[in-house]
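Peer 1: Would you be able to build a 3D model of this:
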Amino acid sequence: MPTVPNPKRRGSEMRASDDASKATVRERVWDDLEDSGEARFPFPPHGRIPNYAGADDAADRLADQPEWEAATAIKANPDAPQLPVRRRALREGKTVYMAVPRLADEDCFLKLDPDELDDYDAATTVSGSAEHGEQIGPDAVDEIDLIVSGSVAVTESGGRIGKGEGYSDLEYAILRDLGLVDGSTTVATTIHERQLIDGPVEVGAHDVPMDLIVTPERVFRPGDHSGRDRPTGVDWELLDADRLEEIPVLQRLTER
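Peer 2: Numbering: from 1, shown residues only. Purely as a prediction, here's the structure:
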């Protein structure tokens, strides 16, 4: 996909080297958002999915896309830059699902049903979702029409870099194993222009490529993900005994 020039983005700073590691890119993006003044609360941006100036505009641009308009059930991450995405979804009558922190409970999802909530603003915050949402097991989750992921950085070919804990990709794999998403389910992310990088970066077979990348200024559709297939389920070889013990839903899947 050709690069679209944008004067708000300093491409030399955001170009990934041929051997760029995820850790290197994370630190560079976090530093750049902070140094440029584009980072927003919570501070510092480091160690998290960073919030940024224009997150509301990116949410509005996402809501103009046909995948959003067609969706009735959305799985979203709980982080600050996607707060306007979650609120807009509820206001448009869409059900929002979020994973509980670290998938630590057997009922590992929170359901935000717009018909059951009185205060959408409170229900879509990190703390408010646990208070106002309904905690449910995977058997009670509807089929997901659209996934919205938070990112630290994304390549123009759709490679996503998260904050390094691996839960977003694991949540996708679990939903795939449960038959709640499939290969046609759109996976989107909303980011600042400075989080979009134009070079290669390390990605693994378990990393979920993005179908839709939305910034406050524009929309990218990477298409074929440069030949990479998306995960079809949990890669059990990547999970050690401690993680299997910590996540009850994984134990359920092994029993199946």
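Peer 1: From now on I want contacts and neighbour counts done on CA atoms only, so please keep to that.
Peer 2: Will do.
Peer 1: Tell me, please, where in this structure the pLDDT is lower than the cut-off.
Peer 2: 1-20, 205, 224-228 (pLDDT under 70).
Peer 1: one more time with 80
Peer 2: Within the chain, the ranges that satisfy pLDDT under 80 run 1-20, 199-205, 223-229, 255-256.
Peer 1: Please, where are all the strands along it?
Peer 2: Counting by DSSP state E, the chain has strands at residues 73-76, 95-99, 109-112, 134-136, 146-149, 153-155, 160-161, 186-190, 196-197, 212-214, 219-220.
Peer 1: Now render these as TSV, adding mean neighbour count and distance to Leu239.
Peer 2: Output for those, formatted as TSV (neighbours: other CA atoms under 10 Å; distance: least, CA to CA, whole Å):
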stretch	mean neighbour count	distance to Leu239
strand 73-76	25	23
strand 95-99	24	18
strand 109-112	24	20
strand 134-136	19	24
strand 146-149	23	21
strand 153-155	26	24
strand 160-161	26	19
strand 186-190	23	23
strand 196-197	24	29
strand 212-214	23	28
strand 219-220	16	32
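Peer 1: beta partners of the spatially most central residue of the chain?
Peer 2: In the chain, the centroid-proximal residue (CA atoms, centre = their mean) is Ser149; its distance is 1.0 Å. Ser149 has these beta-bridge partners by DSSP bridges: Thr189.
Peer 1: Would you agree it is in contact with Thr189?
Peer 2: Yes. Here Ser149 reaches Thr189: they are 4.9 Å apart, a contact under CA atoms under 8 Å.
Peer 1: which one of the strands of the chain lies closest to Arg243?
Peer 2: strand 95-99 (16.0 Å; CA to CA).
Peer 1: packing partners for that closest one?
Peer 2: Counting contacts by 3 or more CA pairs under 8 Å, 6 or more residues apart in numbering; DSSP states H and E, strand 95-99 is packed against strand 73-76, helix 83-91, strand 109-112.
Peer 1: Asp229 is nearest to which of the ones you listed?
Peer 2: Minimum separation from Asp229 across the helices and strands packed on strand 95-99 (CA to CA) falls at strand 73-76, 20.5 Å.
Peer 1: what's in contact with the closest one?
Peer 2: Strand 73-76 is contacted from outside by 82, 86, 89, 94-98, 142-149, using CA atoms under 8 Å, 6 or more residues apart in numbering.
Peer 1: Output the top helix by length along the chain as CSV, nothing but the C-alphas.
Peer 2: Counting by DSSP state H, the longest helix found in the chain is helix 22-36. Output of helix 22-36 as CSV, limited to C-alpha atoms (Å, rounded to 0.1, in the frame of the first residue of the first chain):
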residue,chain,number,x,y,z
LYS,A,22,8.8,-4.5,19.4
ALA,A,23,10.5,-3.2,22.6
THR,A,24,12.6,-0.7,20.6
VAL,A,25,9.5,0.6,18.7
ARG,A,26,7.4,0.8,21.9
GLU,A,27,10.0,3.0,23.6
ARG,A,28,10.4,5.2,20.6
VAL,A,29,6.7,5.8,20.2
TRP,A,30,6.1,6.4,23.9
ASP,A,31,9.0,8.9,23.9
ASP,A,32,7.8,10.6,20.8
LEU,A,33,4.2,11.1,22.1
GLU,A,34,5.5,12.5,25.3
ASP,A,35,8.2,14.8,23.8
SER,A,36,5.8,16.1,21.1
